[in-house]
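> structure of the sequence below:
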Amino acid sequence: QVQLVESGGGLVQAGGSLRLSCVVSGRTEESYAIVWIRQAPEKEREFVAGITWSGGDTILGNSVKGRFTISRDTAKKTVYLEMNNLQPEDTAVYYCNSPDGDIRTYQKGGKSGYWGQGTQVTVSS
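Below you'll find the model as predicted:
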């Protein structure tokens, strides 16, 4: 059974930093990606960042480029989202998702895969 468990959310002031973690278990396919998707109240889901598990190819959403970084630790089966210079508009529930295939295929319109439970990030001004 595939499980994605997020952690690391919290309350931070504007300009601050947080690191989110997504621990992946049960994934046995050869090719899959891990993506971070966020959803703020009354807004649509937004792609934040993604990484191909094997190979480590990464993509960042336009709104977070230059501020966020995605990485993985294969030994710990964990994907990290390092978020710097956080702004109030970054406030959202951040979800970890694992689609099949590589990240570039996903970005072209691949289907979402397994979901984590989400972690709340709140940035105060």
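
> quote the end-to-end distance of stretch 17-37.
In stretch 17-37, first residue to last residue: 18 Å (CA to CA, to the nearest Å).

> now do the buried residues in that stretch.
Using 16 or more other CB atoms under 10 Å as the test for burial, stretch 17-37 gives 18, 20-24, 27, 32-37. C-beta here means a position set from N, CA and C on the backbone, and glycine is covered the same way.

> among the residues you listed, which are located in strands?
18, 20, 21, 22, 23, 24, 33, 34, 35, 36, 37 (DSSP state E).

> mind putting those residues into TSV with pLDDT?
As requested, these are exported to TSV (pLDDT from 0 to 100):
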residue	pLDDT
18	98
20	98
21	98
22	98
23	97
24	96
33	96
34	97
35	97
36	98
37	97
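
> max pairwise distance over these: which two?
Within those, two members stand farthest from each other by CB to CB: 18 and 33, at 21.9 Å.

> one step back: residue 70: which of the ones in strands among the buried residues of stretch 17-37 is nearest?
Of those, the one sitting nearest to residue 70 (CB to CB) turns out to be residue 36, at 6.9 Å.

> hmm, residue 49 and the closest one touching each other?
Yes - applying CB atoms under 8 Å, one finds residue 36 in contact with residue 49, separated by 4.9 Å.

> list residues touching both of these two?
Shared contacts of residue 36 and residue 49, defined by CB atoms under 8 Å, 6 or more residues apart in numbering, are found at 70, 81.

> show me where the protein has helices.
Applying DSSP state H to the chain gives helices spanning 103-107.

> helices and strands of it: which one bottoms out on pLDDT?
Ranked by mean pLDDT, DSSP states H and E, the weakest helix or strand in the chain is helix 103-107, scoring a mean of 92.

> so for it, what gets flagged as buried?
103, 106.

> run the chain-centre distance for that helix.
In terms of CA atoms, centre = their mean, to the nearest Å, the centre of helix 103-107 is found 14 Å from the chain centre.

> contacting residues for the most centrally placed residue in the chain?
Residue closest to the average C-alpha location in the chain (CA atoms, centre = their mean): residue 36, at 2.0 Å. Residue 36 is in contact with 20, 22, 47-50, 70, 79, 81, 94-97, counting by CB under 8 Å, 6+ apart.
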